[in-house]
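J.: Following is a predicted model, sequence given first.
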Amino acid sequence: MHTTGVSAEQLADEIARFMSTAMRTAQTEVFQIVEELELSMTQLKILHILDGTGRELTPSELAQFVGLSPAAAGRAVDVIVRAGLVSRRDDDSDRRVKRLSLTAVGSDAIARITAARLKGLTRIVERLEPDQRAALSTALTPLLLQDPASPDCASPRAEEPA
């Protein structure tokens with residue numbers, strides 16, 4: 001009996017190439033939305049972080065996720081607060097602490113960007129035969145069942161050693 005295996009590294013390389021192709025396919029629509037919203041890449045990242053954390057963040061927590069100084073993160077947040085994409089409020093128990101979250105407008109922006117990416121992915125997978133789509137769906141299932149809050153997913157950046 002002869003079995004052929006695919007190493008984790010080989011599969012990761014293939015997935016990375018696929019993701020690169022998928023992102024290039026959808027990038028025009030995504031960049032149009034980002035340009036329309038006048039977002040920097042840092043601000044786009046902030047919106048995605050606030051969308052993905054499932055809770056309000058303090059500015060210092062957000063700075064850790066983004067990998068910026070609190071001052072630089074604060075400047076980026078100021079712009080998207082003024083644009084109505086993010087809300088900043090006083091903490092209920094400590095008014096010195098601020099809490100950041102997406103507004104409905106911010107959530108809508110993320111939904112539009114996600115829809116543009118999905119449109120690009122759809123154009124790619126439409127090229128597959130139905131049985132190939134079913135096989136790919138089956139292969140992706142164990143990866144999609146992973147908890148997005150697991151340590152392998154987005155987390156604050158570690159401090160650089162001094």
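T.: Received the coordinates, thanks. Numbering: from 1, shown residues only.
J.: only C-alpha atoms for contact and neighbour calcs from this point on.
T.: Noted.
J.: In the chain, which residue is most central in space?
T.: residue 48 (4.5 Å; Cα atoms, centre = their mean).
J.: Who are the contact partners of the closest residue to that residue other than its chain neighbours?
T.: Excluding the flanking residues, the one nearest residue 48 by Cα to Cα, 6 or more residues apart in numbering is residue 110, at 7.1 Å. Counting by Cα atoms under 8 Å, 6 or more residues apart in numbering, residue 110 makes contact with 47-48, 51.
J.: Assign residue 101 to helix, strand or coil.
T.: In three-state terms, and counting by DSSP: H, G, I helix; E, B strand; the rest coil, residue 101 is strand.
J.: wait, residue 89
T.: Going by three-state DSSP: residue 89 is strand.
J.: And it, how far from residue 103?
T.: 12 Å (Cα to Cα, to the nearest Å).
J.: of these two, who's got more company?
T.: residue 103 (17 against 13; other Cα atoms under 10 Å).
J.: Could you point out the helix or strand that follows the helix or strand of the chain with the lowest mean pLDDT?
T.: Least confident helix or strand of the chain, by mean pLDDT, DSSP states H and E, is helix 8-36 with a mean of 89. Using DSSP states H and E, the helix or strand that directly follows helix 8-36 along the chain is helix 41-53.
J.: now the angle between helix 8-36 and that next one, please.
T.: 110 degrees (axes from the mean of the first three to the mean of the last three Cα atoms, to 10 degrees).
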